[in-house]
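Undergrad: sharing a model prediction with you, sequence too.
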Amino acid sequence: MNKFPKNFVWGAASSAYQIEGDPLADGGGKSVWDTFSHTPGKTFEGNTGDTACRSYAHPEWDIENLKHMGLSAYRFSTSWARIDPEGDGNWNEKGLAYYDRLVDLCLEAGIAPYMTLYHWELPQALEDRDGWLNPETPKAFARFAGMMAEHFRGRVKHYFLLNEPQCVAALGYGNGIHAPGRQEPMGKVFLVWKHLLLAYGLGAQAIRAVDGGAGIGIATTGRLCYPETEADIAAAEKATFQVFDNDWLFTHQMALDPICFGAFPKDCAPGQLRDLMAAVTPEELEIIHQKPDFLGFNIYNGWCVRESQGAPYYFIPRYEGFPRTALKWPVTPEVLDWGVAFLWRRYGLPCYITENGLSCNDVVSLDGQVHDPNREDFLHRYLLCLKNTFSHGTDLRGYFHWSLTDNFEWHSGYGERFGLVYVDFPTGTRVYKDSARWYAQVVKTNGESL
């Protein structure tokens, strides 16, 4: 089959700190991103998420845009700190009421809520107790996950427990360019990684204990490759799943192998990483090994690979002037064909593209509209390749564009625009971009217009 299946889910995605604003309203607690963004020099021009897109005050604005595009699903995250300010299980009912309102708005509009429980908003109170280096933090997350599942039982049927744990460990505790801005040695970064995986496992157990009908997944990111020619398929697949000491975190398999198979990847050269993985106990792996109901893949670009004499593969250098987005990320649509197929072959679980998109230099033109032909072209190329991944037998269930609206783009602040919907940040005013109209037509035809 080389077309999108009949019940394919078309959606868009967002995250709490990036769009909500008012993080401390109604009794909400500080997250690590509140602290980090208010630290001079940490974000572009000192931008913070204090106002963001004003979605906390006006969630109906976002749901209206989803409806206007004809989308059937909305992937959004919850702010752990807004609901559990101290990370101790003393819930902030007013903060929780916001997500009640958001979920109800989705359901009233016929839009399925896909809830991400952790998109990096660790309560600062937990970071003050050593954050993800503290073995108690996974237990606190499990308590939060179980409470959320019990509260939303029957209304929310799809949970992504963690979003990109790779970024939390590598960028938050490794090089420090994300909150909490720590620069720890490899041994401690691996401990953070182990605790994130334990948080997934304990969280999955907690959700299944209170809502056996809920689907559970995780959204990961990392290196994906695609072949230069048909003769290079095996080489590209091997390159995708090999683990290196200097590039171990940004791989899908470092998360998904222990979660799905109960063991870390075997294709790893001798070194510190192998020793760290060997020190994870069988009891810990048993907790981590909670097989998901589905997987989420956040995919923006990949590497072209060819088979090489004397070596299993060769990463083809990108030529001068290689196509790139406004954020200087390479444009490689083939990764949504072969990269997804390789992940499907390895794990054999239903999957979603939980993030894919690009930053453009969008402006409101003299005619009052936002014309973003680069985004339309990017999506057209990527979705054509995604359509082809079905020819490999991939059980792909849906696609969520990143992002629904322009937002606070972490350390890049408001300097990057990823949305289908333009946001005037001083006022929160939304302007539909040309790409949103284009995407709506793709959705309406279930991809036949591509």
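TA: All right, it came through fine.

Undergrad: touching, W91 and M148? I think so.
TA: No. Counting by CB atoms under 8 Å, W91 stays clear of M148, with 9.7 Å between them. Every C-beta, even on glycine, is put in place using the N, C-alpha and C of the backbone.

Undergrad: could you name every residue contacting both of the two?
TA: I83 (CB atoms under 8 Å, 6 or more residues apart in numbering).

Undergrad: higher neighbour count, the two?
TA: M148 (26 against 16; other CB atoms under 10 Å).

Undergrad: what about K194, distance to W303?
TA: 27 Å (CB to CB, to the nearest Å).

Undergrad: between the two, which is the more surrounded one?
TA: K194 (23 against 20).

Undergrad: in the sheet, who's paired with the residue nearest in space to the middle of the chain?
TA: Taking CA atoms, centre = their mean, the centroid of the chain lies closest to N163, which sits 4.4 Å from it. Judged by DSSP bridges, the bridge partners of N163 are A219.

Undergrad: how near is it to I218?
TA: Per CB to CB, N163 is found 8 Å from I218.

Undergrad: what do those two both touch?
TA: Common neighbours of N163 and I218, using CB under 8 Å, 6+ apart, are G296.

Undergrad: what number of residues lie near A263?
TA: 14.

Undergrad: surely it meets D257?
TA: Yes. Judged on CB under 8 Å, A263 makes contact with D257 at a distance of 6.2 Å.

Undergrad: wait, what's in contact with the nearest residue in space to Y118 that is not next to it in sequence?
TA: In space, and not counting its chain neighbours, Y118 is closest to L162: 5.0 Å by CB to CB, 6 or more residues apart in numbering. Each residue near L162 by CB under 8 Å, 6+ apart is listed here: 116-118, 168, 196, 199-200, 203, 218-219.

Undergrad: average pLDDT for stretch 88-100?
TA: For stretch 88-100, the mean pLDDT works out to 98.

Undergrad: mind listing what's buried along it?
TA: The neighbour-count check on stretch 88-100 (16 or more other CB atoms under 10 Å) flags 91-92, 95-96, 98-99 as buried.

Undergrad: who's in contact with that stretch?
TA: 20, 26-29, 56, 59, 78-79, 82-85, 125, 140, 143-144, 147, 151-152.

Undergrad: which of the residues you listed fall in helices?
TA: Among those, the members falling in helices (DSSP state H) are 59, 82-83, 125, 140, 143-144, 147, 151.

Undergrad: may I see those organised as TSV, with pLDDT added?
TA: TSV is the format used below for these (pLDDT from 0 to 100):
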residue	pLDDT
P59	98
R82	98
I83	98
A125	98
A140	98
R143	98
F144	98
M147	98
H151	98
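
Undergrad: pull out the buried members of the residues you listed.
TA: Neighbour-count burial (16+ other CB under 10 Å) applied to the ones in helices among the contacts of stretch 88-100 gives 59, 82-83, 125, 140, 143-144, 147, 151.

Undergrad: so which of these comes closest to G447?
TA: Distances from G447 to these, taken as CB to CB, are shortest for P59 (28.5 Å).

Undergrad: D104 is in contact with the closest one, correct?
TA: No. Shown here, P59 and D104 do not form a contact pair, counting by CB under 8 Å, at 9.7 Å.

Undergrad: show me where the stretch 151-300 of the chain has its strands.
TA: 158-163, 215-220, 225-227, 295-298 (DSSP state E, counting those that start in this stretch).

Undergrad: so what touches the strand or helix carrying P312?
TA: Using DSSP states H and E, P312 sits in strand 311-315. Residues outside strand 311-315 that contact it (CB under 8 Å, 6+ apart): 225, 232, 235-236, 238-239, 303-308.
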